[in-house]
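Enquirer: no sequence on this one, just coordinates:
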């Protein structure tokens, strides 16, 4: 409170410098208001800062936007704590931000390679698998599709016509890496590379289908119960690699973030994962 008294003394000086000794009563009145007001405001500000520091800050894959928002709400209601702050984007971008000092408590990616990178850099306390997913080829629901799916260049040419095939950038997002792996294994990557439309993350890839009218590879969870898109084909895990979401508890984590981290792997959270189109996971095997 010393700073408040210094400020009050400053008021004394200003009034008396003007020769207004008769205003001493006014000075005392103003000093009382300032000390009382700021005296209450400072503890409130400190409490708010502490709450923000304690409140979970989660950096997560954009494909988790809907389900993680629901998890955050459910956990808040169950625990009585403030809803976590959620930031969604491409894994590569978020990893760079964390390495540069972003004060995230939890990081979640659809590619374990990114969480491992943070672990190798000493940024993590714990890592666990939390959910699975599947790569699917989709089109706008209002477009008519001729013929059944075939893993051939000719099929994709017919599918996209004069347009492009949308996918996430493999350099930035795990979805793009899974898509690239699949197209390479069926032997069409080199043939289609010039007819691809890149998006920065899974959410933006989905938007190219919903709003841009393009066919695209997206996660099953993004197409699940989505009336704007129709699934053409589900790629087998043998050709994409197992799609596993990993959560990393980071070094700057708080007790609340640990609680939310553990909640994501709890039996209570499983029905929500499934409701949003994610695959159930044996969490105990990842600990």
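Expert: Yep, that arrived. Please read these numbers as outputs of a predicted model, since none were measured by experiment.
Enquirer: Any stretches of the protein with poor pLDDT?
Expert: 1-53, 281-287 (pLDDT under 70).
Enquirer: Show me where it has its helices.
Expert: 2-17, 24-54, 65-79, 91-99, 112-120, 153-160, 174-185, 189-192, 202-210, 220-223, 237-240, 255-263, 270-275 (DSSP state H).
Enquirer: Return the residues in contact with the nearest residue to residue 246 once chain neighbours are set aside.
Expert: Nearest non-adjacent residue to residue 246, counting by CB to CB, 6 or more residues apart in numbering: residue 115, 4.5 Å away. In short, each C-beta sits where N, CA and C put it, glycine included. Residue 115 makes contacts with 107, 109, 124, 127, 246-248, as judged by CB atoms under 8 Å, 6 or more residues apart in numbering.
Enquirer: and if you look at residue 138?
Expert: Residue 138 sits next to 209, 215-218, 223, 229-232 when contact means CB under 8 Å, 6+ apart.
Enquirer: ok, now how distant is residue 255 from residue 78?
Expert: For residue 255, the distance to residue 78 equals 15 Å [CB to CB, to the nearest Å].
Enquirer: For the two, work out which one has more neighbours and name it.
Expert: The neighbour comparison of residue 255 against residue 78 (other CB atoms under 10 Å) goes to residue 78, with 12 against 9.
Enquirer: Spit out the contact partners of that one.
Expert: Counting by CB under 8 Å, 6+ apart, residue 78 makes contact with 263, 268.
Enquirer: how is the protein carved up into domains?
Expert: For the chain, automatic domain parsing gives the domain ranges 2-52, 55-131+246-286, 135-234.
Enquirer: residues contacting the residue found closest to residue 110 once you drop the neighbours it is linked to in the chain?
Expert: Among residues not flanking residue 110 along the chain, residue 174 sits closest, at 4.0 Å (CB to CB, 6+ apart). Shown in contact with residue 174 (CB under 8 Å, 6+ apart): 61, 91, 109-111, 114, 168, 243.
Enquirer: so which pair among the contacts of residue 138 is furthest apart in space?
Expert: Greatest spatial distance among the contacts of residue 138 (CB to CB): 217 and 230, at 13.7 Å.
Enquirer: angle of the top strand by length along the chain against helix 65-79?
Expert: Taking DSSP state E as the criterion, the chain has its longest strand at strand 124-133. Angle, strand 124-133 to helix 65-79, by axes from the mean of the first three to the mean of the last three CA atoms, to 10 degrees: 120 degrees.
Enquirer: Now strand 124-133: buried residues?
Expert: For strand 124-133, burial by neighbour count (16 or more other CB atoms under 10 Å) applies to 124, 127-133.
Enquirer: cool, stretch 256-276 as well?
Expert: Neighbour-count burial for stretch 256-276, counted by 16+ other CB under 10 Å, picks out 256-258, 260-265, 269-270, 272-273, 276.
Enquirer: a markdown table please, covering the residues you listed and showing distance to residue 163.
Expert: Compiled in a markdown table, the buried residues of stretch 256-276 are given as follows (distance: CB to CB, whole Å):
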| residue | distance to residue 163 |
| --- | --- |
| 256 | 46 |
| 257 | 43 |
| 258 | 47 |
| 260 | 41 |
| 261 | 42 |
| 262 | 45 |
| 263 | 42 |
| 264 | 38 |
| 265 | 41 |
| 269 | 39 |
| 270 | 39 |
| 272 | 36 |
| 273 | 34 |
| 276 | 29 |
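Enquirer: Between those, which sits nearest residue 103?
Expert: Set against residue 103, the nearest of these by CB to CB is residue 257 (10.8 Å).
Enquirer: Run through the residues that contact that closest one.
Expert: Neighbours of residue 257 in contact, by CB under 8 Å, 6+ apart: 56-58, 84, 105-106, 249.
Enquirer: Looking at the buried residues of strand 124-133, which is nearest residue 144?
Expert: Distances from residue 144 to the buried residues of strand 124-133, taken by CB to CB, are shortest for residue 133, at 27.7 Å.
Enquirer: Contacts only, for the closest one.
Expert: 63, 110, 219-221, 243, 245, 277-279 are the contacts of residue 133 under CB under 8 Å, 6+ apart.
Enquirer: Also residue 252?
Expert: Residue 252 neighbours (CB under 8 Å, 6+ apart): 103-105.
Enquirer: what's the answer for residue 125, then?
Expert: 249-251, 253.
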